[in-house]
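Asks: Give me a model of this one.
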Amino acid sequence: MRRTLQILLLALFALSSVAALAADQKITKKQRRELEETQVKYDSTLRWGTVEDALPYLDPEYTKIHPLTDLELRRFEQVKISSYRAGDNVPMPDGRVGRNAEVRVINNNTQAERLVRVKEIWRWDAQGKRWLQANGLPDLWQES
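Replies: Modelled structure (predicted):
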């Protein structure tokens with residue numbers, strides 16, 4: 001029941017944030033809907049899935065320049081995301097979309113929880129007809 005409520009809340013946040021994109025003529029109604037759906041799935045994947053589940057959301061152009069090492073991937077196994085709350089989508093001049101998120105992270109070894117703020121950039125892939133997370137996985141180890 002709690003998981004269903006969290007997913008519904010994520011969907012509500014996504015719906016309200018996508019409304020901010022309506023004024024941007026570069027993004028079609030269908031693209032806005034697909035962005036909303038992609039972001040809800042991405043948020044749920046980070047919250048409930050594994051880091052490997054999140055990799056298909058990453059922009060191949062970004063991962064080509066910034067490849068993930070095995071060490072970086074293993075670091076995600078040391079934490080559990082207890083909350084992922086994204087803010088409103090903000091259209092960028094180049095057609096991409098940005099948003100901020102507050103992520104609560106629990107260290108599996110110490111059980112200490114902390115808050116991390118992350119910035120996401122979403123890029124429309126016209127060839128694949130999908131949205132991609134264009135700045136990599138969230139940095140859950142940043143200094144406060």
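Asks: Read off the pLDDT value for the closest residue to Leu68 other than its chain neighbours.
Replies: Sequence neighbours aside, Leu137 is the residue nearest to Leu68 in space, at 7.3 Å (criterion: Cβ to Cβ, 6 or more residues apart in numbering). (C-beta placed from N, C-alpha, C; glycine too.) pLDDT, Leu137: 93.
Asks: ok, now which ones touch Leu137?
Replies: 51, 54, 58, 68, 76 (Cβ atoms under 8 Å, 6 or more residues apart in numbering).
Asks: In contact with the third one: list those residues for me.
Replies: In other words, Leu58. So Leu58 contacts 132-133, 136-137 (Cβ under 8 Å, 6+ apart).
Asks: could you redo the last one with a cut-off of 10 Å?
Replies: 42, 66, 68, 132-137 (Cβ atoms under 10 Å, 6 or more residues apart in numbering).
Asks: Looking at these, state which has the most neighbours.
Replies: Tyr42 (26 neighbours; other Cβ atoms under 10 Å).
Asks: give me every residue that touches the nearest residue to that residue once chain neighbours are set aside.
Replies: Leaving aside its sequence neighbours, Tyr42 sits nearest to Tyr57 (Cβ to Cβ, 6+ apart; 5.0 Å). Contacts for Tyr57 (Cβ under 10 Å, 6+ apart) come out as 38-39, 41-42, 45-46, 120, 122, 130-133, 137.
Asks: Nearest to Gly95 among the residues you listed?
Replies: Closest to Gly95 out of these is Trp122 (10.1 Å), distances taken as Cβ to Cβ.
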